[in-house]
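Asker: Build me a structure from this.
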Amino acid sequence: GTRADDRGRPGRALPRAMPRKCGWPPCETDAGLKCGRCRRERYCSRECQTLHLSDHRPACNQRVTEQEAAAEAAVEAATRIAVMKAADLAAETARARVASGVLALSTEAK
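Answerer: Sure thing, here's the model as predicted:
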């Protein structure tokens, strides 16, 4: 197929993705299913996935551990950002209260 640019004009042809082969080495069939844990290895059938499981399990476990660590790091980073924003908001609110208090005191003094 082709794609269009922002103005709807035809562009260059899109590259076609090469079909991935089944992850079980003796099988040469195109794969449409992914491993449900790591989502990286592909299989043509549940049967091929079962046959490959003992070979795939160590890499799968490693990938899942890496994915979980990356997700945990992302949550920690998001939490740090949220805490910093909350601290900034609290400081801004405190400055506004001080400023309004100073304004009230200067109005009362007159």
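
Asker: Please identify the helix or strand for the most centrally placed residue in the chain.
Answerer: When C-alpha atoms, centre = their mean is applied to the chain, the residue found nearest the centroid is residue 71 (7.9 Å). Secondary structure here is read from DSSP states H and E; on that basis residue 71 sits in helix 46-109.

Asker: same question, residue 38
Answerer: Going by DSSP H and E, residue 38 is not part of any helix or strand.

Asker: Could you count how many residues lie near the nearest residue to it once chain neighbours are set aside?
Answerer: Nearest in space to residue 38, with sequence neighbours left out and distances taken as C-beta to C-beta, 6 or more residues apart in numbering, is residue 63 at 4.0 Å. (C-beta placed from N, C-alpha, C; glycine too.) With neighbours defined by other C-beta atoms under 10 Å, the count for residue 63 comes to 17.

Asker: now residue 23
Answerer: Residues lying near residue 23 (other C-beta under 10 Å) number 22.

Asker: next one: residue 40
Answerer: Residue 40: 14 surrounding residues under other C-beta under 10 Å.

Asker: What distance do you get for it to residue 57?
Answerer: Between residue 40 and residue 57 the computed distance is 13 Å (C-beta to C-beta, to the nearest Å).

Asker: Could you do residue 25 as well?
Answerer: Spatial separation of residue 25 from residue 57 under the definition C-beta to C-beta is 15 Å.

Asker: What of residue 91?
Answerer: In this structure, residue 91 and residue 57 are 51 Å apart, going by C-beta to C-beta.

Asker: Tell me the predicted confidence for residue 99.
Answerer: Per-residue confidence for residue 99 comes out at a pLDDT of 79.

Asker: do you know how far the residue nearest to residue 38 is from residue 69?
Answerer: 11 Å.

Asker: Thanks a lot, catch you later.
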